[in-house]
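Trainee: missing the sequence, but the structure's below:
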């Protein structure tokens, strides 16, 4: 099934749980970009009982580390499996979906189902094209981490496929090999 | 004795680094032309946007590895590593390629900000050439590198099964359809080196005359890995593995080192002949 989300769905995302595994969509809206180093810092803050420098409630997290060329943000997904150990932290802080590449652990699938927070994949090795979908960006925090800082990006027609839906179904178009 | 200046090396490596990062190889572009699974349009457009605007094909512009084959009569102006690192630092800064290297792996992991140091291997060979192989190695695929120390009499099917189970479903995280280099024999470290070289085309007899190539083994391994149906972008359609190349080398009577290097579908490789 193909579907296009033309409205800016960021504020409510009421229909996120309705998306089905394998759905293709072109997303307009806001993504919060972070990866290994930033999430590790967030985890340290959590363990110390300190507040996060970013508000994650109602946000979609995009696992990525961008670079900048020709005045563009060049961006694409990184391996989501490495982020599985931080997924509970994100979801309990209000994150409503994640975007990355590749498979996730069984533990992550269980969290995705429990929090009804679907996992999307974006095309990998495709950063020059994805840069044309980025409308604007800003660094939110951890600027010293360079490509691993936390960014807020505004995207238009950003291509996504639902890899694990809110019911915990995993994308497996031909059956057989389990993606998890 | 012939003399090669740093400028000569720098200029040719510079062009090759830009090309490898921004221009997809013909065979890769050709392969994706017939792909009609998820993201087919985006992946194909990426090739033209990157080439047209000299933008990196992937935001992960890798750790750069160099395999330098230097004719033993050739004299260099400076240590090759110094020239290559300067070249990487300049190109990555000038073209906005991502700086992905941290200064130390376990304590601070502070970004060096230059995408250096690169990993440089220097070998002396019996030619009159200075040849530099360049591998732009992304982190996702690099995490799939495997080293197996098997028993010396392991059958081909056992080796293939061992490789397959060591990669498992993680192949989905290395940006399939992947390229796989297998190194068999030598010592553990040399097997890994062979697996790296196997990610390139060409004959390596000039480097070590006793390197052998296993085409049937490669084809069998490719078929086995493709039966998993992970597919392009791990989305089920098309191949999981584009290509397998396997190289062997003499080894110890007690040993069978098997190294596996995995590269993403872009397989950003380059080769420079300075002389």
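Mentor: Good, I have the coordinates. Just so it is clear, the structure is predicted and the values come from calculations on it, not from any experiment.
Trainee: only C-alpha atoms for contact and neighbour calcs from this point on.
Mentor: Noted.
Trainee: what about the strands in chain A?
Mentor: Using DSSP state E, the strands found in chain A span residues A:24-34, A:60-63, A:67-69, A:72-74, A:97-100, A:119-121, A:134-141, A:150-164.
Trainee: partner strands of the third one, parallel or antiparallel?
Mentor: Right, strand A:67-69. For strand A:67-69, sheet partners with direction are given as strand A:72-74 (antiparallel), following DSSP bridges.
Trainee: residues of the partner strand that come out buried?
Mentor: For strand A:72-74, the neighbour count (16 or more other C-alpha atoms under 10 Å in any protein chain shown) marks A:72-74 as buried.
Trainee: again, but for stretch B:259-275
Mentor: The neighbour-count check on stretch B:259-275 (16+ other C-alpha under 10 Å) flags B:259-272, B:274 as buried.
Trainee: And stretch B:140-150, by the same measure?
Mentor: Buried residues in stretch B:140-150 (16+ other C-alpha under 10 Å): B:140-142, B:144-148.
Trainee: Point out the residues in the stretch 1-150 of chain B that sit beside chain A.
Mentor: Residues of the stretch 1-150 of chain B lying near chain A by C-alpha under 8 Å from any C-alpha of the partner chain: B:38-39, B:42-43, B:45-46, B:49-50, B:55-60, B:95-100, B:110-111, B:113, B:140.
Trainee: Quick check on the residues you listed: which are buried?
Mentor: Counted by 16+ other C-alpha under 10 Å, the residues of the stretch 1-150 of chain B next to chain A give B:38-39, B:42-43, B:46, B:49-50, B:55-60, B:95-100, B:111, B:113, B:140 as buried.
Trainee: follow-up on the earlier one: export the strands of chain A to JSON lines and tack on mean pLDDT?
Mentor: Shown next, in JSON lines, are the strands of chain A (pLDDT from 0 to 100):
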{"stretch": "strand A:24-34", "mean pLDDT": "96"}
{"stretch": "strand A:60-63", "mean pLDDT": "98"}
{"stretch": "strand A:67-69", "mean pLDDT": "97"}
{"stretch": "strand A:72-74", "mean pLDDT": "97"}
{"stretch": "strand A:97-100", "mean pLDDT": "98"}
{"stretch": "strand A:119-121", "mean pLDDT": "98"}
{"stretch": "strand A:134-141", "mean pLDDT": "98"}
{"stretch": "strand A:150-164", "mean pLDDT": "97"}
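Trainee: what's in contact with stretch B:64-75?
Mentor: The contact list for stretch B:64-75 (C-alpha atoms under 8 Å, 6 or more residues apart in numbering or on different chains) reads B:1-4, B:88, B:118-137, B:207.
Trainee: which regions of the chain sit below the pLDDT cut-off?
Mentor: Went with chain A since none was named. Within chain A, the segments meeting pLDDT under 70 span A:1-14, A:175-180.
Trainee: You answered for a different chain; I wanted chain B.
Mentor: Applying pLDDT under 70 to chain B flags no residue at all.
Trainee: show me where it has helices.
Mentor: Under the criterion DSSP state H, helices of chain B are mapped to B:6-22, B:26-33, B:40-53, B:80-94, B:139-142, B:156-167, B:188-197, B:215-226.
Trainee: count of residues packed around the residue of the stretch 101-250 of chain B found nearest chain A?
Mentor: Here the residue of the stretch 101-250 of chain B nearest chain A is residue B:173; by C-alpha to the nearest C-alpha that distance is 4.6 Å. The local packing of residue B:173 (other C-alpha atoms under 10 Å in any protein chain shown) involves 26 other residues.
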